[in-house]
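Participant: Provided below for reference: sequence and predicted model.
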Amino acid sequence: MPDSKMDETKKKKKKTAECCGYPISIFFIVVNEFCERFSYYGMRAVLVLYFRYFLLWDDDLATSIYHAFVALCYLTPILGAIIADSWLGKFKTIIYLSIVYAVGQVVMAVSTIHDITDANRDGTPDNFTLHIALSMLGLVLIALGTGGIKPCVAAFGGDQFQEHQSRQLNTFFSVFYLCINAGSLLSTLITPVLRAQECGIHTQQQCYPLAFGVPAALMVVSLVVFIAGSGMYTKTAPEGNIMGSVCKCIWFALNNRFRHRSDIYPKREHWMDWAEEKYDKLLIAQIKMVLKVLFLYIPLPMFWTLFDQKGSRWTLQATTMTGDFGGFVLQPDQMQTVNPILILTLVPIMDRIIFPLIKKCGLNFSPLKRMTVGMLFAATAFIAAALVQMEIDKTLPNFPSSSESQLKVVNMHSESLIVTVPSQEPLLIGSFESSPDYITFDQQDIRLAFNTTPEINKDLSLIKGSRQTLIIPSEPAEMYLKEDIKSKPKEGKNAVRFVNGWTAYLNITNLESSLQPSETSNYTLVSQGMRKFTLTDGIQSCEFSRKFGFGSSYTFLIPSDLFSTDCESIKEIEDMQPNSVHMALQIPQYFLITTGEVMFSVTGLQFSYSQAPKNMKSVLQAGWLCTNAVGNIIVLIVAELGKLPKQWAEYVLFASLLVAVSIIFSIMAYFYTYIDPAEIEAEILKQQETDPDKKKKKETLEMEEKENEQEIKQTKI
Ligand SMILES: N[C@@H](Cc1ccc(O)cc1)C(=O)NCC(=O)O
């Protein structure tokens, strides 16, 4: 046995220091996890904004790279597990990969300092390639680090417990999950605030270096805390290239089974038993245990497919709702923090009250049953989301379909106008007013008639699937079409634009350029709350204030008496009503999915640890995390394939799929027998010591020899 292995085995035998029945070493592990999750979720919270507003990528590229990064973070655990179980052991793997992780976070933070390439000091980087290269390098290192250590930390925590501490072991996994959520909750609240600060050497910009720098610092703290506990850990030694042996053993069993497919050979209990000729019984038994669990994992990605839509579809749903809670206003993406808040309350309630109560009632709520119920909770959460969506749909504007066009008419002329529209009653539109709502047309080409003197007939070619406004300026013959937004503004913001009825050009705060007379500005997005606009023609100015809700759209008509009325005569046309369904209605769906998460995820973590043989604990943790990666990939595929015409129908579809999958899972779980890997391993070792049973091996080899002889004879004949 190599020296290092001897050392580690000795350490395993020594009694670990305890406090209240728990090994003291787990304190360092849970603090380490808290800091690491703070680092990970804190960085993730501002990542898309960094792509969008610092690197100036468009929405699609920003979200694709973001999802690819998250998927990579859940694929790298398998690499970490192989390194830990086959080569370095969990302890060293955590240390080395944490260093990679911390370096990645630092590189990421450095990539966000605009001053490093801002030679002309205009506040924007001059060399985007360098910033992109640095941030991509940082992200790959982070994915390698966070994913790599993830299966090792949970398993390493589990390794600290002795056999008599199984109750404490279960509590450890719950506390571990609490720490994950406490860290992620704090960081998702803090880093966006840091980002909103202004900082810089030459120019003051949004402070991305601080928003990424604090997570980097927390990762360093995480590493230091982990190393500080070094002397107290129980470290299990890696047992050589276990993954290599596993693959070779499976390959041999399959080949051997195929070569002995004839009925003359005695059947074996399990196909893996066909590896007995060459491989150790203990290894075969361990592979059987792992395969049994991995087989059970097949339906699990569906849970994550639903779960991970909290961050995408549910946040989009929140953008069509109102977040005004009276005393405070919640932004749509902040709704996600309800998940860790609920975890922090639900985990203790489940552990201390619900599960013991169920046990007291004499019910056997086994881990696999809990996981099935967790899946059903997630499915119900999606039914709740569908019901909320139906409520929202009732309040949404009637957007045009791809074959329809919609038109609104705005009259900036000093007199009322009568407009004759195809297949409609003539419309009377007052001065500085608009037609009551959008008019929907099935055809693209329409002719409008106006009762001006002389009468004007206007042929318009409308855009299919679009909303447009016909602006009639003070000189009606110069009327023109302007395209409107055709969906709710992003992130619950409000889209506003101005039509200049003033006789000279106007500068308006928040608008990109000055407005010529009769011109209509492009939309500008403003957040919820009181917003102030200053209008000036260079000589005179006035201020116009308005309170906005969530998700509305307005066209403001600027009259010719603007300055004499101190901006009070500005008229507003409501193109899209503000959202009216309250975000609080999402709380039940968050409650249901989080209850599902506690039953499914915390239990799954414990189950993966308890059912794995000692040398493959990290591998099974990685397998568990892989179900999450597959779930994320399904979300990406579904998003690419397109949606059902109605969002609520998509929610119901996902809920039904998960119910179907949970039924399949419950059947598989019914046939699963819980094992104690340590007990099985000990038994096999004992058997091997007393009775190295080679009988079966011999029989097969003899049969094989006979078969070969016969074959040789036949070929001779
Ligand atoms: N409940 C999640 C954490 C979380 C926190 C904040 C969010 O906005 C979303 C999710 C969880 O516990 N995940 C497990 C993990 O290991 O990260």
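Facilitator: Looks like it arrived, so ask away.

Participant: what helix or strand does the residue in the stretch 51-200 of the chain positioned nearest to the ligand sit in?
Facilitator: Residue of the stretch 51-200 of the chain nearest the ligand, by C-beta to the nearest ligand atom: residue 184 (3.6 Å). To be clear about C-beta, it is placed using only N, CA and C from the backbone, and glycine gets the same treatment. If you go by DSSP states H and E, residue 184 is part of helix 166-196.

Participant: ditto for residue 567
Facilitator: Applying DSSP H and E, one finds residue 567 in no helix or strand.

Participant: residue of the stretch 201-350 of the chain with the smallest distance to the ligand?
Facilitator: Taking C-beta to the nearest ligand atom, the ligand has its nearest neighbour within the stretch 201-350 of the chain at residue 336, 3.8 Å off.

Participant: Please look at that residue and residue 315 and confirm they touch.
Facilitator: Yes. Between residue 336 and residue 315 there is a contact under C-beta atoms under 8 Å: 6.4 Å.

Participant: picking up where we left off before, just checking, next helix/strand downstream of the helix holding residue 184?
Facilitator: Going down the chain from helix 166-196, the next helix or strand is strand 198-199, by DSSP H and E.

Participant: that older thread, and the helix holding residue 184, what does it pack against?
Facilitator: Applying 3 or more C-beta pairs under 8 Å, 6 or more residues apart in numbering; DSSP states H and E, one finds that helix 166-196 makes contact with strand 22-23, helix 25-49, helix 128-159, helix 208-228, helix 338-349, helix 603-610.

Participant: Nearest to residue 412, out of those?
Facilitator: helix 25-49 (37.7 Å; C-beta to C-beta).

Participant: got the contact list for the closest residue to residue 300 other than its chain neighbours?
Facilitator: Sequence neighbours aside, residue 627 is the residue nearest to residue 300 in space, at 4.1 Å (criterion: C-beta to C-beta, 6 or more residues apart in numbering). The contact partners of residue 627, by C-beta atoms under 8 Å, 6 or more residues apart in numbering, come to 297, 300, 301, 303, 304.

Participant: Show me what counts as buried in the host helix or strand of residue 627.
Facilitator: Here residue 627 sits within helix 617-641, counting by DSSP H and E. By neighbour count on 16 or more other C-beta atoms under 10 Å, the buried set for helix 617-641 is 617-636, 638.

Participant: Also stretch 340-360?
Facilitator: By 16+ other C-beta under 10 Å, the buried positions in stretch 340-360 come out as 340, 342, 343, 346, 347, 350, 351, 355.

Participant: Could you do stretch 137-152 as well?
Facilitator: For stretch 137-152, a neighbour-count test (16+ other C-beta under 10 Å) marks 138-152 as buried.

Participant: Over to stretch 279-293?
Facilitator: 279, 281, 282, 283, 284, 285, 286, 287, 288, 289, 290, 293.

Participant: Please convert these to TSV, extending it with distance to the ligand, pLDDT and secondary structure.
Facilitator: Formatted as TSV, the buried residues of stretch 279-293 follow (distance: C-beta to the nearest ligand atom, whole Å; pLDDT from 0 to 100; DSSP: H, G, I helix; E, B strand; the rest coil):
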residue	distance to the ligand	pLDDT	secondary structure
279	35	92	coil
281	36	91	helix
282	32	91	helix
283	31	92	helix
284	33	94	helix
285	30	93	helix
286	26	93	helix
287	27	94	helix
288	28	94	helix
289	24	94	helix
290	22	93	helix
293	19	95	helix
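
Participant: ok, back up a step: among the buried residues of stretch 137-152, which has the minimum pLDDT value?
Facilitator: For the buried residues of stretch 137-152, the weakest pLDDT value sits at residue 151, with 90.

Participant: residues in contact with that one?
Facilitator: Shown in contact with residue 151 (C-beta under 8 Å, 6+ apart): 77, 78, 80, 81, 84, 618, 619, 621, 622, 624, 625.

Participant: Look up the pLDDT of the nearest residue to it once chain neighbours are set aside for me, please.
Facilitator: With sequence-adjacent residues excluded and distances taken as C-beta to C-beta, 6+ apart, residue 151 is closest to residue 621, at 3.4 Å. Residue 621 carries a pLDDT value of 86.

Participant: contacting residues around residue 621?
Facilitator: 77, 81, 150, 151, 152, 154, 155, 605, 608, 609, 612.

Participant: next one: residue 436
Facilitator: residue 427.

Participant: That one and the ligand, how far apart?
Facilitator: To the ligand, residue 436 is 42 Å away according to C-beta to the nearest ligand atom, to the nearest Å.

Participant: mind giving me the domain ranges of this protein?
Facilitator: Listed by automatic domain parsing, the domain ranges of the chain are 16-240, 280-396+580-668, 405-576.

Participant: Pipe those domains into TSV and attach distance to residue 689 per row.
Facilitator: Formatted as TSV, these follow (distance: least, C-beta to C-beta, whole Å):
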stretch	distance to residue 689
domain 16-240	18
domain 280-396+580-668	11
domain 405-576	66
